[in-house]
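Colleague: Turn this into a model:
(4 chains)
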2 protein chains.
Amino acid sequence: MPPADSSPVPATELVISASRALVAIAARSLAQVEDQVTLPQYRALVVLAGRGALRPVDLADALDVSPSTATRMCDRLVRKELVERVHSDTDRREVELRLSAEGRALVSEVTNRRRREVRRVLSRMPAEQQARLIEALQAFNAAAGEAPESALALGMSL
Amino acid sequence: MPPADSSPVPATELVISASRALVAIAARSLAQVEDQVTLPQYRALVVLAGRGALRPVDLADALDVSPSTATRMCDRLVRKELVERVHSDTDRREVELRLSAEGRALVSEVTNRRRREVRRVLSRMPAEQQARLIEALQAFNAAAGEAPESALALGMSL
DNA sequence: AACATTTATTGCACTACTGCAATATATTTG
DNA sequence: CAAATATATTGCAGTAGTGCAATAAATGTT
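Modeller: Next up, the predicted model:
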C-alpha cells in the first residue's frame, strides 16, 4: 500500500531524520549527568528551572505524578543538594522547592552542551543553507507551535 | 556575558526550538504505548525491530546493560507477548529473541503516529517554506550525520 | 468555635531496572 | 577426552518510581 497522503513524503522522511539527529544530541547532552540524576529527577529540575520555585503539589501537577511521588523524588534531590526546601512564612503548611546553585548548574550544563552541539552541526553547513534553514524553521516552528500542547510528558526532559 | 561565539546565535535558538517541538512529537507518539511498555522495554523493542532477532547477550550489548538485565527485561516482554524466545538448533545454548507480530505492531504504531504528526505540521507550512526546508534539511542531516555517533543511549528510544 | 479543606509527609505495597555472583548447559579448544 | 570458554538464566540485593491511604499540621469557612 502506497502512503496515500497529501503532503510530499520525502519532506516527512527528512524531518524524521533530522528529528533523530536532534534527539540524539539531546540524549548525548543528557548522558553527561545521568550518573548524577535519573531521568524523572532531571525532569523535575527542568520544571523548577523553568517555572521557578514550586510547592510539591504544583511540581507533582507539572510532572503528572502524585504529590507523594514528588515529595519523595525531592527527598532524593535534596539529599543530592540539587534542590532546597524552604518553608513558607505566609502559610506554614507550604514548602517551596527551589533549585540550589548546583541544581541550576546541572541544568545549565546540559543546556549549554546541547547548544554547543547544535552550533557545531550548524557550523558544518554552507552559509547559504543556513540562511534557508533559518527561514524555513521559522515557518516550521510556527506550524508546530499551533499543534496541541500536551507535550509535557517526556518532552520536558529533552 | 554575551555568547561570544562564531556562528549566528539566532539559528541555534531556532534549531533548539524546533528540536523541542520534534522531541515533543516523539514523546507524544511514545505516550500512547506507555501503559503497555516501559521506556527501557520500548528501547529493546526498537532494537529488535531494527536489527532483527538477537541473542540476549547481543541485545544487552546494544542496550548497554548486563545480560541478566536483558534476560529479565525480555521475561517481561515475553509475558506481554511482544517478544518470542526461539531456541537455536545450531547452538543449543543460544536463544533468539524476536519480535512477535504484536511487538512489531506496537513499534509501528509509534512510528506511524510520529510520521503522521510530522506530516501534520508540514501541511501547515506554506509550500514555499516546505521546499526551503527540504533543501536545508538535506544539508543539516549531512552535517549532523558526520557528528560522532554514540547516540544510542537514549536516542534509540525516540 | 467547630468543621471542612489544603498541604506535606509518611507508611505500605508493588513493579521495574540494575549488576554481581553462582549455576547449568553446551560448545570449543588443546 | 579434559579444560576452557560461551551462553543463558536465576538468586540476591539494592535503588527508584509509583500511588493509595493515613496522618499531621495549618488555614479557611460558617
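Colleague: count of neighbours near A:Glu84?
Modeller: Residues lying near A:Glu84 (other Cβ atoms under 10 Å in any protein chain shown) number 18. Heads up, the C-betas are built off the backbone N, CA and C, glycines and all.
Colleague: For chain A, which residues score under the pLDDT cut-off?
Modeller: Filtered on pLDDT under 70, chain A yields the residue ranges A:1-9, A:147-158.
Colleague: hey, where'd the helices end up in chain A?
Modeller: A:9-31, A:39-51, A:56-63, A:67-79, A:101-123, A:127-145, A:152-155 (DSSP state H).
Colleague: Any chance you could list what contacts stretch A:57-69?
Modeller: A:40, A:43-44, A:47-48, A:51, A:54, A:56, A:70, A:73-74, A:97, A:152-153 (Cβ atoms under 8 Å, 6 or more residues apart in numbering or on different chains).
Colleague: Give the buried residues for it.
Modeller: A:Asp58, A:Leu59, A:Ala60, A:Ala62, A:Leu63, A:Val65 (16 or more other Cβ atoms under 10 Å in any protein chain shown).
Colleague: next one: it to chain centre, how far?
Modeller: 17 Å (Cα atoms, centre = their mean, to the nearest Å).
Colleague: Check stretch A:51-69 too.
Modeller: 16 Å.
Colleague: what's the first-to-last distance across it?
Modeller: Across stretch A:51-69, the straight-line distance between its terminal residues is 19 Å, by Cα to Cα, to the nearest Å.
Colleague: which parts of chain A sit against DNA strand D?
Modeller: Residues of chain A found near DNA strand D, taking Cβ under 7 Å from any atom of the strand as the criterion, are A:38-41, A:63-66, A:68-69, A:72-73, A:76, A:90-93.
Colleague: Repeat the analysis, applying 10 Å as the threshold.
Modeller: Counting by Cβ under 10 Å from any atom of the strand, the residues of chain A lying close to DNA strand D are A:37-44, A:60, A:63-77, A:79-80, A:87-94.
Colleague: Just the buried residues of those.
Modeller: Once neighbours are counted (16+ other Cβ under 10 Å), the buried part of those comes down to A:37, A:41-44, A:60, A:63, A:65, A:70-71, A:73-74, A:77.
Colleague: Can you lay out the residues you listed as JSON lines showing distance to B:Arg104?
Modeller: JSON lines is the format used below for these (distance: Cβ to Cβ, whole Å):
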{"residue": "A:Val37", "distance to B:Arg104": "34"}
{"residue": "A:Gln41", "distance to B:Arg104": "33"}
{"residue": "A:Tyr42", "distance to B:Arg104": "31"}
{"residue": "A:Arg43", "distance to B:Arg104": "30"}
{"residue": "A:Ala44", "distance to B:Arg104": "35"}
{"residue": "A:Ala60", "distance to B:Arg104": "36"}
{"residue": "A:Leu63", "distance to B:Arg104": "32"}
{"residue": "A:Val65", "distance to B:Arg104": "31"}
{"residue": "A:Ala70", "distance to B:Arg104": "37"}
{"residue": "A:Thr71", "distance to B:Arg104": "40"}
{"residue": "A:Met73", "distance to B:Arg104": "35"}
{"residue": "A:Cys74", "distance to B:Arg104": "40"}
{"residue": "A:Leu77", "distance to B:Arg104": "39"}
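Colleague: coming back round to it: can you tell me which of the buried residues of stretch A:57-69 is nearest DNA strand D?
Modeller: The closest of the buried residues of stretch A:57-69 to DNA strand D turns out to be A:Val65 (Cβ to the nearest atom of the strand; 3.5 Å).
Colleague: For the closest one, give me phi and psi.
Modeller: phi -130, psi 170 (degrees, to the nearest 10).
Colleague: Same question for A:Ala53.
Modeller: Phi and psi for A:Ala53, reported as degrees, to the nearest 10, are phi -60, psi 140.
Colleague: check contacts around A:Pro126.
Modeller: By Cβ under 8 Å, 6+ apart, the neighbours of A:Pro126 are B:Ala139.
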